[in-house]
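Asks: Predicted coordinates and the sequence they were generated for:
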Amino acid sequence: MTDSASAPAIEVARLTKTFRGHRALDGVSFQVARGEMVALIGASGSGKSTLMRHLSGLIASDRTEGGEIRMLGGSVQKNGRIARDIRRRRARIGVVFQQFNLVGRLTVITNVLTGTLGSLPLWRVITGRFRRDDRMRALAALERVGIAEWAHRRASTLSGGQQQRAAIARALVQQAEVIMADEPIASLDPESARRVMDTLARINAEDGTTVVVSLHQVDYALRYCSRVIALAKGRLVYDGPSAALTNDMLARLYGTEIEDIGLPVRDRAAPAAASASAGQALAV
Ligand SMILES: Nc1ncnc2c1ncn2[C@@H]1O[C@H](COP(=O)(O)OP(=O)(O)OP(=O)(O)O)[C@@H](O)[C@H]1O
C-alpha cells in the first residue's frame, strides 16, 4: 500500500470481522481516491455500519494476515490491531455517526467547536472559552450548512436533519479531509434527507473532501454518488458506477427489502445511463 501525500484517501485490504462465529465482513478490499463521493449500500445486516466503524478505527478486525485499513496514507489498523497513532489520523477524518453526533445539552456552536479539539487545549472546550476567531469559523461552518440561526440553541432542540448538518459543520471546522457518514438520512423526511445529502455533495464538490456515505435508500445513493460499493452478507459484491446498477441487480441485492429502499423508477432491467461502463459484477 502507498504511504505518501498522494496516497488514496482510503485503502482497505482483506478486511474480515467475525462476531461470535458470525462473519459480518468477509475479505473486503477496495480503495477510494481523494475527492471521491462514494455510497456504501446493502440490505439490512449486510455489514455497512461494521465497515464504517472499522474505517474510523472504532473496532478492530479479525487478526487475519494481510487485513489492513489505511487512511490518507497512514495506518488505521493492521492484522486486527488499531494503529497506536490513531488519534492523529482521526483528527483528519470527520464522522457523522448517529451515536457520536452531538451532546444534546450543549449549544450547537459548542458542539461544532469540538471539531477544533485536536488544535485546542482541552480546558478551552470544557470551559466553553473559545477564541473569537474559532467562534467565527464555527459560525461560518453553520452558515454553510444552512443552520446558523440555531447556533445558540441546545443541540437537543434541533430536528434530526439539522443535527446531521451540525455534525457536518463540526467536520468542516475540523477541516476534515475525509467525511464518513453512517446512515445520515435514516429516519429523516425526504426534504431533510435531501438537504443533508445536498450539503455533503456541496462540500465534496467545493472543497474536494472525500465523502463515504452509507445509505439504506438506494435512490439517494444513485442520485448523489457516482460510485457505489455494495455489500451482501459481509462481502463486497459490487464496486462501480452507480449508473451501471440495474434494478435487477438491486432486486438481487435487497431481496424482500426491495419495497422499502426507494428503488428508482426506471425500466427494471435497464441501467440508469445507457453509456455507463459496467462495474464489478454483482455476485450476490
Ligand atoms: N457488536 C456486534 N455484536 C454482534 N454482532 C454484530 C455486532 N455488530 C454487528 N453485528 C452483526 O453483524 C452484521 C452486520 O451488521 P451491520 O450493523 O454492520 O449491518 P448494516 O448493513 O449496517 O445493517 P443496517 O442497514 O440494518 O444498519 C449483522 O448480522 C449484525 O447483527
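Replies: Looks like it arrived, so ask away. Values in this document were obtained by computation on a predicted structure and should not be read as measured data.
Asks: Who does the residue nearest to residue 221 when sequence neighbours are not counted form a beta bridge with?
Replies: What sits nearest to residue 221 in space, not counting adjacent residues and going by C-beta to C-beta, 6 or more residues apart in numbering, is residue 39, at 3.6 Å. Using the backbone N, CA and C atoms, a C-beta is placed for each residue, glycine as well. When bridges are called by DSSP bridges, residue 39 pairs up with residue 213, residue 228.
Asks: okay, how far is it across stretch 175-184, tip to tip?
Replies: 19 Å (C-alpha to C-alpha, to the nearest Å).
Asks: Looking at that stretch now, give me its mean pLDDT.
Replies: Across stretch 175-184, the average pLDDT comes to 95.
Asks: do stretch 20-33 as well
Replies: On average, the pLDDT along stretch 20-33 is 96.
Asks: got a list of contacts for it?
Replies: Under the contact criterion C-beta atoms under 8 Å, 6 or more residues apart in numbering, stretch 20-33 has outside partners 8-18, 38, 47, 50-51, 54, 61, 210, 212, 229, 231, 233-236, 239.
Asks: and the residues you listed near the ligand, which?
Replies: By C-beta under 6 Å from any ligand atom, the members of the contacts of stretch 20-33 lying near the ligand are 47, 50.
Asks: Phi, psi for residue 178 please.
Replies: Note on residue 178: its backbone torsions stand at phi -130, psi 130 [degrees, to the nearest 10].
Asks: tell me the contacts of it?
Replies: Residues in contact with residue 178, defined by C-beta under 8 Å, 6+ apart, are 9-10, 71-72, 92-94, 209-212.
Asks: Show me those residues that map onto strands.
Replies: 10, 71, 93-94, 210-212 (DSSP state E).
Asks: count of neighbours near residue 151?
Replies: Residue 151 sits with 20 neighbouring residues when counted by other C-beta atoms under 10 Å.
Asks: Secondary structure element holding the nearest residue to it once chain neighbours are set aside?
Replies: Of all residues not flanking residue 151 in the chain, residue 109 sits nearest, at 4.3 Å (C-beta to C-beta, 6+ apart). With secondary structure defined by DSSP states H and E, residue 109 is part of helix 108-113.
Asks: So residue 182 is in contact with residue 98, correct?
Replies: Yes. Judged on C-beta atoms under 8 Å, residue 182 makes contact with residue 98 at a distance of 6.9 Å.
Asks: So the two - more neighbours on which side?
Replies: Each of residue 182 and residue 98 has its neighbours counted (other C-beta under 10 Å); residue 182 has more, 23 against 16.
Asks: for the more buried one, what are its contacts?
Replies: 48-49, 52-53, 95-98, 214.
Asks: CSV please, covering those and showing distance to the ligand.
Replies: As requested, the contacts of residue 182 are exported to CSV (distance: C-beta to the nearest ligand atom, whole Å):
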residue, distance to the ligand
48, 4
49, 3
52, 8
53, 8
95, 15
96, 15
97, 11
98, 10
214, 7
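Asks: circling back to that earlier point, buried members of the ones in strands among the contacts of residue 178 into ChimeraX, please.
Replies: One line in ChimeraX is enough to select the buried members of those, burial here meaning 16 or more other C-beta atoms under 10 Å:
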select :10,71,93,94,210,211,212
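Asks: So which of the ones in strands among the contacts of residue 178 is the closest to the ligand?
Replies: Using C-beta to the nearest ligand atom, the shortest approach to the ligand within the ones in strands among the contacts of residue 178 belongs to residue 212, at 13.3 Å.
Asks: Where does the prediction get shaky in this structure?
Replies: Applying pLDDT under 70 to the chain flags residues 1-4, 99-100, 117-129, 256-284.
Asks: interface residues of it facing the ligand?
Replies: So the chain meets the ligand at 19, 22, 24, 42, 44-50, 216 (C-beta under 6 Å from any ligand atom).
Asks: out of those residues, which is most surrounded?
Replies: Neighbour tally across the residues of the chain next to the ligand (other C-beta under 10 Å): the maximum, 28 neighbours, falls on residue 42.
Asks: which one is that residue nearest to, not counting chain neighbours?
Replies: Once flanking residues are discounted, residue 42 sits nearest to residue 231: 3.8 Å by C-beta to C-beta, 6+ apart.
Asks: With residue 236 instead?
Replies: Excluding the flanking residues, the one nearest residue 236 by C-beta to C-beta, 6+ apart is residue 28, at 4.9 Å.
Asks: who does the one you found bridge with?
Replies: With DSSP bridges as the criterion, residue 28 is bridged to residue 15.
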